Every structure is written in C-alpha cells, then in structure tokens.
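[1] please work out how this folds:
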Amino acid sequence: MNLFDKFQLGLPYADFIAKYANDGQKQRWQQVHAQVQLTPAQRELLGLFRRETNVLCLAGAWCGDCINQCPIFEHFAGAAPVIKVRYLDRDEHADVQRVLQINGGNRVPVLVFFSEDGQETARYGERTLSTFRAMAQQLTGAACPTGIIQKDDPLLVQVTQDWLNEFERVQWLLRLSPRLRQKHGD
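    You can find the predicted model right below:
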C-alpha cells in the first residue's frame, strides 16, 4: 500500500473534526487546542523548518489520545507552513489501520511523515514517552518511581515537547538527506 496516496485523501484538521466528531467531541478538541501553548523557543525552532513535511495522521475523533495530541500538530503547522498535516479516520480506512498497527493492535494517533515527493521518512505514535511515564507512575505508584517526571511541568507541555522532538528529528532527516540536498542545491 502506498501511504502517500492515502495522505492525499486525508482531510485538514477542521474538516476532519467537522466530519467525524459529534458536538461533545468537537468541544473537547477545541478545549485542548486552546490549551496548547508553544513557547517562544518552540516557535522559533519551527520557524527554522525549511523542508516540506507531509504528515498523515491516522486518528479517531472519539479517541481521547487523539483529542489530547492532534491539536498540538495544528499548532506546529501554524508555526511552520512547510508542515502539512492530513487526517484519516481509523475506522473508515481499515486498510491503513491494519498497516499502521502498533504492537499488534489498532492504535491512534499514528503519524507517518513524508518528504515533499512522497518518500516515507518516519512513523510515530500512539503515545509519547512522557505519557507512558505518567501512566507507569499511576500504575506502579510510589513503589517504583521513575524520577523522570517533573511535577511542575504539566503533561500537555511535556507531550508537546515530545512531539516537537519527533517533528524536529524528521526535519533534520529531510534537511540533511543527500537526495534532497542535491535537489535543492543546499
């Protein structure tokens, strides 16, 4: 399966929510979108992105993980016009869902990053490291603290940085690609 073809079928953020979310879900998506705040340093970094990055996001409007993470991607795209995110509904695109399973299961959100000419560059999902650390701490309690989570750093802030790290990694992969450097003369 050519996942870049599926990217072409994806919907922009607002269209995805309008088509797939019910009123309660729309409200939750809007609340999280309003809570995401990029720092000046994060905005500056995103402003340095030069390579077009096409991002396919397999998601579900009903999914709490999607509601808590996908608005972050829209803030990135707003700060870096070279980032183009398109959303596919997991249930409507069962063929993509099967290809993007994680650990043998259907998970969302899952992102697939592509170069400007449709070459797959990376995949990442469903939850970030900070989310898993917080979940592990809740599960294991004080008997097994990781010592990594900073209590004064809200989880949304941590998750935003986790995702930015992956978007930056992909940007550097694209910027330093010999194929793309030759194409762009840089």
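
[2] tell me where this structure has strands.
    53-59, 83-89, 110-114, 120-125 (DSSP state E).

[3] most tightly surrounded among the ones you listed?
    Counting by mean count of other C-beta atoms under 10 Å, strand 53-59 has the highest mean neighbour count of these, with a mean of 25. C-beta here means a position set from N, CA and C on the backbone, and glycine is covered the same way.

[4] gap between the closest residue to Met1 other than its chain neighbours and Trp163?
    Spatial nearest neighbour of Met1, excluding adjacent residues (C-beta to C-beta, 6 or more residues apart in numbering): Val99 at 5.6 Å. Distance from Val99 to Trp163, counting by C-beta to C-beta, to the nearest Å: 21 Å.

[5] between these two, which has more neighbouring residues?
    Per other C-beta atoms under 10 Å, whichever of Val99 and Trp163 has more neighbours is Trp163, with 21 against 15.

[6] do I have it right that Val36 meets Gln69?
    No - look at Val36 against Gln69 with C-beta atoms under 8 Å: they stay out of range, at 9.6 Å.

[7] neighbour count: those two, which is higher?
    Each of Val36 and Gln69 has its neighbours counted (other C-beta under 10 Å); Gln69 has more, 27 against 18.

[8] now do the contacts for that one.
    Counting by C-beta atoms under 8 Å, 6 or more residues apart in numbering, Gln69 makes contact with 109, 127-128, 159, 163.

[9] Arg127 too?
    Here Arg127 is in contact with 65, 69, 135 (C-beta under 8 Å, 6+ apart).

[10] rewinding a little: can you redo the strands of the chain as TSV with mean pLDDT and distance to Lys26?
    Shown next, in TSV, are those (pLDDT from 0 to 100; distance: least, C-beta to C-beta, whole Å):
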stretch	mean pLDDT	distance to Lys26
strand 53-59	98	14
strand 83-89	98	14
strand 110-114	98	22
strand 120-125	97	22
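
[11] any chance of CSV for those, columns distance to Gly104?
    As requested, the strands of the chain are exported to CSV (distance: least, C-beta to C-beta, whole Å):
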stretch, distance to Gly104
strand 53-59, 16
strand 83-89, 20
strand 110-114, 14
strand 120-125, 14
